[in-house]
Every structure is written in C-alpha cells, then in structure tokens.
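Colleague: need a structure here:
(chains A, B and C)
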Amino acid sequence: MSATTATAEPFAPAPEPVRRGRAATLARATLGQSRAKVGLVIFVLILVIVIFGPLFAPHSPTEFVAAPNSGSSSHALFGADSLGRDVWSRFLYGGRSILGLALAATIIGVGLGLVIGLSAAYLGGLVDEVLMRIADVFMAFPQIVLALLLVSAFGPKLWLIVLTVGISHAPRVARVIRGAAQQLVERDFVKAAEAVGEPRRRVIFGELLPNVTSPLMVETGLRLTYSIGLIAAISFLGLGIQPPHADWGLMINENRLSLIVQPWGVMLPVIAIALLTISTGLMTDSYARVVIGIDRGE
Amino acid sequence: MSKFLIRRIIFGILTLFLVSIVVFAATQALPGNAARAILGRSATPERVAALTAQLHLNQSVASQYGHWLGGVLSGNLGISAATQQSVAHLIAGRLANSAFLVLVAAIVALPLSIGLGVWMAVKRDRPADHVLSMTTLVLAALPEFVIGIVLVVLLATNVAHVFPAVSLVPPGEHAWDEPSVVVLPAATLVIAVTPYISRIMRASMVEVLESDYVTMARLKGLSNRVVIWRHAVPNAIVPAIQVSALQLAYMAGGVVVIEFVFSYPGMGAQLVDSVANRDVPVVQALTIIIAAVYVILNLLADLATILVTPRLRTAGR
Amino acid sequence: MSEDSFREQLEQPLTRRQVLHGALVGGATISAGGLLSACGGSISPAVLVPPPIEPIKAGGSVRIGATGGGSKDVIDAHLPAVDPDIMRNWNLYESLATRPANFGPLQMLLAESIEPEKGSAKTWTVKLKPGLEFHNGKSVTADDVIFSINRIIDPKNPKVGATSIGYIDTAKMKKLDNLTIRIPLKFPNATFPDDIGQYFNAIVPVGYDPNKPVGTGAFMYESFTPGQQSVFKRFPNYWEHPKPYVDQLTIIDFTDDTARVNALLGGEVDAIDNLPTGVIAELQGNKALRVLVSETGEWQPFTMRVDKSPFNDVRVRQAFRLMVNRPQMIEQVLLRQGRLANDMYSPYDPAYAASLPQRHQDLEQAKSLLKAAGHEGLAVELVTGPIFQGVQAAAQVFAQQASAAGVKVAIRQVDTTTFYGPNYLGWTFAQDFWATRQYLPQVAQGSLPSSPFNETHWADPTFIKLIQQARAQLDESKRNEILLHAQTIEYERGGYIIPYFSDQVDAYSTKLTGFEPAKSGFPLGNYWFKNVGYKA
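Modeller: Down below sits the predicted model:
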C-alpha cells in the first residue's frame, strides 16, 4: 500500500461560495451512489466489530487456549496464534488501537494541514513562501525513516506514533487546502468580509473554511486510509504497539512466519484492514464524483 | 523559466540542509552508540570505552556534525562507524541495486497505470471499469509486505518455483547481473503503486472526456483513438505526472519494507541496519539521498507539467 | 517427575517413544498443568532422532543461511559477536580444545594435551599436536599460542575472550620448546582447559592481520562482505584427514527469519540455522528437507537484580520463580522444543545439582511470599528485545502467568542496541541468553562480582567462598560436593528464573549429509561444516 504519498486528488472542486444545505445535498447525492452505500455498510460493520467486538470475544486476548499455531477447533474458532492465544478473540480486541491511533493521527494531520494551508493561501507573500518551504522539508523526509528514527530514539510511545504519522500528513494536506483556498481568496465574498473589517482569523475560519469542505472531506478519507496503512507498517516493523496487546498490525507481524501453517492469524487482520481501507476509499470516491458533478447517475 | 529553476534549486539545497540537521538531531537521541551496537552482548565497560575512543565517538555533537558537513561539502560522505569503510564505498553498490529495482518497477508501473487509467475512463461505468476499479481499490488496501509474502508463496516456495524467494546478489555483482532476483520485489512495488496512479489518471481523464474541448474534437469527426491519445490524454496527464513523481520518490524511500521481506541488498535494508547499528554517517547519507531524489523528482514533475501545459509554458511562473 | 528420571533424560538420548509420549519432560508434569488436555495435543515436537549415517562424497559447494548479521559483521578471530561471525569463526579458526557435540569430556583440537603442573591448578602446560599448519603454510608453534593469548587479553584493546581467560598471568607465560608452553594463572582454576578452549580464543599466527584472515580451520578465507556473504574454500592440509569434504563454503546473512526460511524452501541455500518454531511442522512435511533437532543446555533466563527493589527482597525472587508455569512456557514458547529447568544452569556438568526438587508453579505460595514482603499488587517492568529467538515470546507468557498471581508485568520491548545500551547489565528485570557451558566457566562469566556479565548483581559471600574452594580443587568428586552447596544457594536465593533448556532446531537439504546434533547449542552441529558433504 502506498501509504506515504498522495497529493491532492487532482479535481479541485468548483469554488462556489457555500450555501446553506449544500453539505446535506452533497451527502445525499453521495449516498445515492451504490458504491457509497456498499462502502458505508462495510465501514459500519467494521466499526461495530471494533467497538463491540470485545464483548463477544470467547476468550481474553492474552490467555493461552491451545497449542501454538494449532488450527480451528470448537475451542478456538480460527485457531490459535504463534503463542497459542485465540486468534478470533485477539481479532475482536485488536481493532480499537489501530483505528483509534489512525483517527487521532488523521485529525492531527488534517487539522494542522488545514490551518497551515488556509493561512498560507490567505496571508500569501512571505508567510506563504516560508510555510510552503517548511512543508517541502517535511515532505522530503521519507515517512517511514522518520518513524524509524523517532521511535527508535524515544521508544514506542503511542503519542509519538500518532504525532509522527499526523505531522507527516500535515504538509500534504496543507498543499491541497492551499491550492483550493487560493482560488477563493480573490473572490467577492472574501473581499466583502475584509471590507466590513472582519478580523483575519474570522475570514480564514468563517469564510474560507466552509468553502474548502469538499477537498477537506476527500483528504480526510485519504489520510485515514494512509494512517491505517502506515500504523500497520510501523507495527509490522516491530516499532508500534507493544505485545501482548492485541492489535491488527502487530498480529500480522507476530503470525506472518506461520502464515502457511496457520493463515488466520494474518488473514483476519489483513482482511479487516483491507475492508476498512476499501470502505473509506469507496465513500471518498463517491463523494469526489459528486463534487465534480460527474458520474452522478450511477 | 531559468529564474524559476534557480530558485527551486536553491530551495532544494536548503531543504536538504535542514533535513540533514533534523536527521542528525534524531540520531543523537538514539540510545546507545555504534560502539555498543558493534559489541552487542559483549559490551563490557572496558570494551565499550576502548572502542568508543577508537571510533572517535567521544567528540562533541556539534563538532561531529561540523565534521560531517565539511566532508559532504568537499564530496566526502565520511567513514561508516560500524564498518570503518568509506560510506560512499559501502552504499554505492546498494544504491545501484535499489535504483535498478525502482527503475524496473517504474518502467512497468508508469505505462501500465496510465494505460489502465485511460482504459477505465474510456469504459467508464461499464463492467470493465467497475471490476478494475474494485481490483485497484483492493490492491491499494493490501499492505506491501502482504503482497510480497503472497507472491513468494505463489511463485517461489509453496505453489510454484518460478522465481527466487530471496534476492541474493553476490558481492561485487549487481542486481542486473542476475535479473531474476528483481522480479518479485519489482512486482510487489508495481502492485503497490499502480492502483494509485491509475485511479488518478482515470479521474482526470473522465473530467477531460466530459469537457467541451473533447466534444468539439469528436464533432470534427476525428477518430476515437486520435481523440483519446492526441487530445484527451495530454490534457489529463498533468495530475498523473505529479502523482507519479511522488510515487517514484515514495518507492525510493519506501522500499525499506520490501527489501526487508526479500533480503534484497538495497539501501532500504542498509538503512534499517544502520539505524540499528547507530551508524550515523550512513543514516545521514542515505536519508539525504532519499530526500534529494524527492526534491529532484518533484522538480522534474513541475518541469514536465510546464512543458505539457502550453498556458504555463509561456506564462512562466 | 522424580529427580532421577529428570537426570536420566538429561544424560541419555531419548528414544522416539519417550519423546512422543513424554514430551521431553515427563507427561505427568505437563498434564498437571492442565494444558495438554485443553489443546488436544495437536502438535508433537520435532523428534530427537539423529540423522541417518549416509555415505559421503568429496566435492561440491555448500551455501548456509545464517541468522542476522549486518554491516558490523567481522571476520577477526577474536571478535565474533553475531551468529554469522561465530559460524565463520568455527570454520576458519580453531582453539586448543573444545567440548564435542555430545558435550562429553573435552576433545583436543590443536593441543595434544592440557595438563596441570605438579598437581596444582595454578600452572598449566599446553602441548601442541606436531605438524599442524596454518592456511598460509606456516607451522603452528608455541609462539603463536603466546601471541594469540596476548592479543586476546590486550588491556588496551580487550577482545571477546579477555573476560574468559583474563586470569592468565601473561607476563610469566613461557615457551618450553617449539610445541610446549607453560601458562601460569593468577589464581588456581581447575576449568582452565574449558576456558582456553572457547571458540573465541582461537589460535592465530604471530603477526595476525584480520584483513587477511589466516587460521587452522577446515576452510580457508576467500572473500568476506559484511552483511551479505562470505566465501571459503577447502583447506587441503587440514589435520583431520580427509575432512573437509566440500570444496567451497558460502555463508549468507539473513536479517529476516522469513527470508531465511524462504531461501531454503526456494533452494537458494542448502541449510539454515535457527529454524523458527512456527515453521517446524511445515518443514517436517517437506521431503526435500530434514529438520535437525539438538537437545542442548542453552538457557534464556529472566534476570532479577538482587540489589534493587523489589528484587532485593529474597521473598520476591522466590515468589517470581513460583509464578512460572514451566511446562506451559515450554509448550507456548518453544512448541515443546525444550526441557524443564530448575533455575539452575549447566545441566551437562557432572556437578549439576539434579537432586534439588523440581520447582513448580505455586500461585498461593507466591502470593503469600509477596504479601509477606509487602509487595501485594506489585507492578514491574520487564525489558526484552530481539536478542534471542523466543525470548520476546517468553516475556509475554511470563507476563500472562504473573497476572494470575496478581503481579502486573509491563513489557518494554527495545531494539538490540538499546538493550545492550548504557543500561545493559543494569536493567532491574530483563532477559538474557547463554550457551551450554560447564558450571564453573559459567559462574566466571555471570555469577561473581568480578564476572563481566553479572546481570543479576549476584554477590553472595558464602557462594564466592565456595567457588574459590572449588576452583582450587582438582579432585572431581570433592569439587562436585562443594559445587552442590554453591548451586543450592543459587537455587534458593539467586536472581535467575530459568524455566527451560531450549532445543536447537536447524534444517538442511536432504542432498547433504554429515550434520549431527550438538548439545553445545551451536547450530548445525557446532557449525562444523567439515563433517558435511553431499550424499554419495
């Protein structure tokens, strides 16, 4: 999964000032598409597993229930993992951490990127130049290298992983938002707000922000997808969530040696992560299609 | 145009300089040093002290960095702390191997994904588009190491023995002397990056195909092929170029995991090794090279964008 | 299980039947853990049947996949650190003597004899075999032995072995004739032959240059690329004729376990060491491969610092030892590829205190000890890392077992360089790994205040006195009596938790033959590829 890159989705939405109810219209139009419906159903399903899964787990995620790598039995539906713990129970418990971390990282990354992007676009000139060059420096940094260094240096702290992933998203989001906002800055409604003497902060967050929600939505979906992939990769390299905690990324790493003997320890989390990614992909896809006003009549 | 170039190059160099400071600071925060990494389990205080002195690791941080920067400016990447070989000598072969891997992957992935994107756009909303669209979405959702492991199981160990499971390259030789070792890692990279570029290409192609401009061309009675390849693709390709540059840069930095899975003797594997060994000069050199690849590819992508967009070509920037 | 049967199993090779029924440690004990019945016994451990003896032919080239390695790999005879280094060492160089594969009495290599002088363990005479040759054609003499010992102990640049033979009084070493050396020690030590025979104390020629490595081993240096591979060719004048059988030996580094296994499955290498337990079952089903299982005296202890809270209270240490369900640990971590241990090391030493009762999990006793020590609801941090196969898994199993006694164990996983970083030998609660050793040499490495790797900070005055007495005692039965006392002290108050002795599991292509199980814990039959060749 190419978790690290992704600039803007190329289709910058048509910049028209926000109208009341447009968001609701967009949401309805988005959900009108069958692919969006499928995406939403999958997403909710995974979310239900993640939130309520532990309630239905037959075992504790850390207790030993069978011989290591043993196959499916009445005792362990999907067999046992490399230490003899119930794969199914660990799977049911294992979504919370990865999803929680990914969400946190996405919120930080998108939030930070939004502020930087809007400020750069609105303030322009030197501020714009400086902010964008700093963003360049961060983008030149290979994400996985940054994670490797920071986590090796300060230990696998959860906040550090969230921050690393979030910060590495920020410049990429900033670029997209800046691009979208730049086209708005010269428009009448912004000029009008300035003329009335609204403070800059109000102009940025009151006037510009509502008009970049479309690329913002697309970015949020994309970044969530990439966060999940990146956090799973960090766990895979052994730098993420620490054992014996049940976590999908960690499960893949712990059980990948016995993939042939006992595939479920790897397959369940891979399938879940893949479905999660696909569902967010389907939804952002549909949303993007609606926003650019084509493909609507699917 | 030349003003734009000069400005970008200056900023590029500044970027690399800042990256080097950040990396150096991060390596200083790593617990343990190269001497301890080398000694491992036999790190008794006497042996650590002897080796730390021997490796000049007891100099101040600032002087270590100054020493390193001075070396780089005079074209010397320094001496690896772990091996006492020159860094340039140590990474040259690995760099070439990684470059070859990325090149092979790019040569396959770029035309493939552009082609797929165009095809999906032309067949929009027909079964072929839906199938491909879903397939690429699924592939994009699979972690690379899973793709790699599955390819090994299918083509190298358990199902069929077509390609080598691990990419062993005898020292002194290069990956291209033994091209079969590149197949599986390159295939993994291709599968990892193709979905993204092709989806971008599809999206922008759909947009262009809807435009008045293409409708006009069709009305003029031009053949479908001419309309698509002469008129639509050049207009739709800009976003794909930008994304391709990023994907190439990503490959350069992100081969870490793939090289790990295949034991491919490239710079990604070297980077993991050097971080573990606290081999600061090697970590520095490799990060700077990866960052430089990013800066250069970005610059090239912008140039290419200018060249295929007539409007920008004359306007400058 | 009775002590006798345990002892018996330690000393005699198990029959296939015993292994299948008794799972190495006595079926009754394991079932008592209630685990086997729960699992339905769906796996059985790889069996300790020695590989068949097959006719061997000369010639051919063998490629071995080694675990780990990286750009810090070395080929210096006296600086081996990681697995590929040690593998190179055993084939390129040789020491004076070594323990054979069955860990029986010392087997002479370059030495013809190593004898104490005048019935005192304070001065030793080493006599070399006549007619030995280095790879460059130079003959092996007393000067080379003196040069090698000085190079190892060099105070300005101490090598790996400096800690094992640092007690040699180097200034007074004397060449008696071309093949005989007198070696005086700073204190009497009956186990000198074992210490000088460690693989990292190899004999190199005077003026040895690690860039042009020359030794007496069965294979000669051809090329070496750190982190990738090294190539060796047959040494035609090797003293143990007609060995070695193969013309060329290639040792290849693999950082990733999966890649190493895949290389064997894909035929890119002919043998690999340290087979991950998870794939043993898969490889046993493969007709083209053979799994080599060696019962060993290797141990991977949990190390409690006896001078730091909470472990400075002996009751806490005792409680921790009682929290461990050893059979379950063998089951979950080793997939039964191991044997029960009793918090003591050196099982092949005739002095091993097998008469002490086997310790079992006793949560009630553990809880009451902790309560008495004022440590109810104790929380500790266990530092672990990828330092040895299975230790991280063992840490997880321990944490789970401890939770049943109300102790919260937080696992802190670090990378190896951090593990061996500034806190190394100072962690309050961590893990370590040790190869098979006899008792006194092991004590010298880890259980005395003067030991280089005393990770538990063990410094018991009575224990120290007993060890000094034992070292000076050349009479074996008297010495073993003293050592029984010493071991009893460690058994009752020591800082190690030693749940098991792990098996060594490797694998090779059935095209090859000559590998034999080695109790030393060194993979692929002591790494002795001189015994290996293609089937005739």
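Colleague: so where's chain B shaky on pLDDT?
Modeller: B:1, B:252-254, B:309-317 (pLDDT under 70).
Colleague: Residues of chain C that sit close to chain A?
Modeller: Neighbours of chain A within chain C, by C-beta under 8 Å from any C-beta of the partner chain: C:35, C:38-43, C:257-258, C:261, C:276-279, C:281-282, C:328, C:331-333, C:335, C:386, C:392-393, C:395-397, C:399-400, C:403, C:411-415, C:418. C-beta: built from backbone N, CA, C; applies to glycine.
Colleague: Now, of those residues, which are buried?
Modeller: C:35, C:39, C:42-43, C:257-258, C:261, C:276-279, C:281-282, C:328, C:331-333, C:335, C:386, C:392-393, C:395-397, C:399-400, C:403, C:411-415, C:418 (16 or more other C-beta atoms under 10 Å in any protein chain shown).
Colleague: Show residues contacting stretch C:98-111.
Modeller: C:94-97, C:114, C:126-129, C:132, C:140, C:193-194, C:197, C:199, C:203, C:216, C:297, C:348, C:436, C:438, C:516-520, C:525-526, C:528 (C-beta atoms under 8 Å, 6 or more residues apart in numbering or on different chains).
Colleague: buried ones in that stretch?
Modeller: Result for stretch C:98-111 [16+ other C-beta under 10 Å]: buried residues C:Thr98, C:Arg99, C:Pro100, C:Ala101, C:Phe103, C:Leu106, C:Met108, C:Leu109, C:Leu110, C:Ala111.
Colleague: With stretch B:92-109 instead?
Modeller: Buried-residue list, stretch B:92-109, by 16+ other C-beta under 10 Å: B:93-102, B:104-106, B:108-109.
Colleague: Below-threshold pLDDT in the chain: ranges please.
Modeller: Unless you meant another one, I'm taking chain A. Applying pLDDT under 70 to chain A flags residues A:1-24, A:142, A:144, A:236-238, A:291-298.
Colleague: other chain: chain C
Modeller: Looking along chain C with the criterion set at pLDDT under 70, you get C:1-50.
Colleague: ok, which stretches of the stretch 101-250 of chain A are helices?
Modeller: A:125-140, A:143-154, A:158-185, A:188-196, A:200-202, A:209-211, A:213-236, A:248-255 (DSSP state H, counting those that start in this stretch).
Colleague: Any part of the last one near chain B?
Modeller: Yes. Using C-beta under 8 Å from any C-beta, a contact is recorded between helix A:248-255 and chain B, made by A:Ile252.
Colleague: Any chance you could list what contacts that helix?
Modeller: Contacts of helix A:248-255 (C-beta under 8 Å, 6+ apart): A:81-83, A:87, A:90-91, A:94-95, A:98, A:231-238, A:240-241, A:243, A:262, A:265-266, A:268-270, A:272-273, B:143, B:145-146, C:278.
Colleague: C-terminal to it, what's the next element?
Modeller: As assigned by DSSP states H and E, the chain's next helix or strand after helix A:248-255 is helix A:264-291.
Colleague: what angle separates that next one from helix A:213-236?
Modeller: Interaxial angle, helix A:264-291 versus helix A:213-236 (axes from the mean of the first three to the mean of the last three C-alpha atoms, to 10 degrees): 170 degrees.
Colleague: now C:Leu474, what's its secondary structure?
Modeller: coil (DSSP: H, G, I helix; E, B strand; the rest coil).
Colleague: mind listing what it touches?
Modeller: By C-beta under 8 Å, 6+ apart, the neighbours of C:Leu474 are C:Pro116, C:Gly119, C:Ser120, C:Ala121, C:Ala190.
Colleague: Go again with 7 Å.
Modeller: For C:Leu474, the contacting residues are C:Pro116, C:Gly119, C:Ala121, C:Ala190, by C-beta atoms under 7 Å, 6 or more residues apart in numbering or on different chains.
Colleague: Just the ones of these in strands?
Modeller: Among the contacts of C:Leu474, the ones falling in strands (DSSP state E) are C:Pro116, C:Ala121.
Colleague: quick one on the thing from earlier: which of the buried ones among the residues of chain C next to chain A are close to chain B?
Modeller: C:Asp415, C:Thr418 (C-beta under 7 Å from any C-beta of the partner chain).
Colleague: what bridges to B:Ile79?
Modeller: Assessed by DSSP bridges, B:Ile79 has beta-bridge partners B:Ser86.
Colleague: Distance-wise, check it relative to B:Leu55.
Modeller: Distance from B:Ile79 to B:Leu55, counting by C-beta to C-beta, to the nearest Å: 9 Å.
Colleague: picking that back up, need the winner for burial among the helices of the stretch 101-250 of chain A.
Modeller: helix A:248-255 (a mean of 26; mean count of other C-beta atoms under 10 Å in any protein chain shown).
Colleague: And the contacts of the host helix or strand of C:Ile411?
Modeller: Using DSSP H and E, C:Ile411 falls within strand C:408-413. Residues outside strand C:408-413 that contact it (C-beta under 7 Å, 6+ apart): A:242-244, C:379-385, C:392, C:395-396, C:398-399, C:402.
Colleague: Give me the neighbour count for B:Ile79.
Modeller: 18 (other C-beta atoms under 10 Å in any protein chain shown).
Colleague: mind listing what it touches?
Modeller: Here B:Ile79 is in contact with B:Ser86, B:Val87, B:Pro281 (criterion: C-beta under 7 Å, 6+ apart).
Colleague: Now the last one: closest residue in space, sequence neighbours ignored.
Modeller: Right, B:Pro281. Closest residue to B:Pro281 apart from its sequence neighbours, by C-beta to C-beta, 6 or more residues apart in numbering or on different chains: B:Gly78 at 4.0 Å.
Colleague: For the residue nearest the centre of chain C, which non-adjacent residue is closest in space?
Modeller: For chain C, the residue nearest the mean C-alpha position is C:Ala435 (1.3 Å; C-alpha atoms, centre = their mean). Closest residue in space to C:Ala435, ignoring its immediate chain neighbours: C:Gly521 at 4.4 Å, by C-beta to C-beta, 6+ apart.
Colleague: residues in chain B within reach of chain C, list them.
Modeller: Counting by C-beta under 7 Å from any C-beta, chain B sits next to chain C at B:31-32, B:36-44, B:46-47, B:50, B:80, B:82-83, B:90, B:152, B:156-157, B:161, B:164-166, B:168, B:170-171, B:260-263, B:265, B:269, B:273-274, B:276-279.
Colleague: of those, buried ones?
Modeller: B:31-32, B:36-44, B:46-47, B:50, B:80, B:82-83, B:90, B:152, B:156-157, B:164-166, B:168, B:170, B:260-263, B:265, B:269, B:273-274, B:276-279.
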